[in-house]
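Visitor: Please work out how this folds:
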Amino acid sequence: MNDYDNLFKARFTLKDVTIHNKERVYKHFFAIDDYTLSYKRYDGSESRTFVREIFERDANAVAILCYDKNTDEIALIEQFRPGALNDPVSPWLIEIVAGMIDKGESEVQAAIREVKEEIGVSLTQKQLVRVTAQYPTPGGASELTTLFIADTDLKELEKHGGLDTEGEDIRVFKAPLKAAYENVLNGRIHNSVAIIGIQHMMLEKDKVLQAFAK
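Guide: Numbering: from 1, shown residues only. Here you go, the predicted structure:
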């Protein structure tokens with residue numbers, strides 16, 4: 001244990017939360033659960049009881065940065081996002097492959113399926129390197145997104161992807177990693193998991209390549 005490990009140790013766990021009531025108040029494409037809860041405070045007291053509405057997908061997600069080590073390129077997609085209707089540039093966002101984990105699927109199985117559905121590339125488990133898992137917006141949503149980087153041959157990249165049954169219309173393209181990073185810096189790429197994936201490759205490319213070689 002180093003000098004800083006204790007700083008990052010969790011002070012509380014789920015047992016320190018009291019859920020007084022939970023009710024599903026909305027269910028359609030997405031869902032909303034209404035929680036009445038309280039939790040243990042750092043001074044040892046109990047917080048006041050309060051109500052929060054939590055956005056639910058009833059599933060977690062995966063995201064995959066598809067990287068071609070032979071050309072130093074990544075696969076990117078662009079699609080309409082209703083949550084970005086107030087974006088000052090466009091509600092069509094540039095992202096990396098991502099999607100929800102279907103019932104009965106593992107994270108790896110979902111990642112392989114999503115890459116095939118969205119950019120037309122077939123992967124195996126050995127081509128995936130897990131990076132991290134992150135909560136995009138834990139103040140009001142339960143979703144946890146696991147990020148992978150995939151050792152990918154992008155020569156056969158499709159130009160259009162997505163499933164009509166899910167209303168998807170996806171433009172598929174590839175770009176040099178450096179160019180993608182420049183578009184993170186200038187704000188054109190502002191999807192959180194895409195930013196994390198691209199920055200990780202810029203910072204840890206050697207480690208990722210070593211993982212690909214195993």
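Visitor: where does this protein have low pLDDT?
Guide: Under the criterion pLDDT under 70, the flagged ranges of the chain are 1, 165-167.
Visitor: burial count for the nearest residue to residue 125 once chain neighbours are set aside?
Guide: Excluding its sequence neighbours, the residue lying closest to residue 125 (C-beta to C-beta, 6 or more residues apart in numbering) is residue 108, at 5.2 Å. Yep, even glycine has a C-beta here, placed from its N, CA and C like the rest. Neighbour count for residue 108, taken as other C-beta atoms under 10 Å: 17.
Visitor: Test my guess that residue 108 contacts residue 126.
Guide: No - Residue 108 is not in contact with residue 126 according to C-beta atoms under 8 Å; the separation is 10.1 Å.
Visitor: the helices in this protein, which residues?
Guide: For the chain, the helices defined by DSSP state H occupy 5-8, 107-119, 177-185, 192-213.
Visitor: Kindly reformat these as JSON lines containing distance to residue 48.
Guide: Formatted as JSON lines, the helices of the chain follow (distance: least, C-beta to C-beta, whole Å):
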{"stretch": "helix 5-8", "distance to residue 48": "28"}
{"stretch": "helix 107-119", "distance to residue 48": "37"}
{"stretch": "helix 177-185", "distance to residue 48": "40"}
{"stretch": "helix 192-213", "distance to residue 48": "31"}
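Visitor: so which of these gets nearest residue 132?
Guide: Proximity to residue 132, assessed across those by C-beta to C-beta, is greatest for helix 192-213 (7.3 Å).
Visitor: mind checking how far that closest one is from the chain centre?
Guide: Distance, stretch centre to chain centre, for helix 192-213: 14 Å (C-alpha atoms, centre = their mean, to the nearest Å).
Visitor: do the same with stretch 72-83
Guide: The answer for stretch 72-83 is 13 Å, by C-alpha atoms, centre = their mean.
Visitor: cool, and stretch 130-147?
Guide: On C-alpha atoms, centre = their mean, the centre of stretch 130-147 falls 6 Å from that of its chain.
Visitor: So what touches that stretch?
Guide: Stretch 130-147 has contacts (C-beta atoms under 8 Å, 6 or more residues apart in numbering) with 52-57, 59-65, 98, 107, 111, 148-149, 192-193, 196-197, 200.
Visitor: how far does that stretch stretch from start to finish?
Guide: Using C-alpha to C-alpha, to the nearest Å, the end-to-end distance of stretch 130-147 comes out at 6 Å.
Visitor: what comes up buried for it?
Guide: 131, 142, 143, 144, 145, 146, 147 (16 or more other C-beta atoms under 10 Å).
Visitor: Over to stretch 86-99?
Guide: Those would be 93, 94, 95, 96, 97, 98, 99, for stretch 86-99 by 16+ other C-beta under 10 Å.
Visitor: Could you pull up the residues touching the closest residue to the first one other than its chain neighbours?
Guide: Yep, that's residue 93 we're talking about. Nearest residue to residue 93, sequence neighbours excluded (C-beta to C-beta, 6+ apart): residue 81, at 5.0 Å. By C-beta under 8 Å, 6+ apart, the contact list for residue 81 reads 91, 92, 93.
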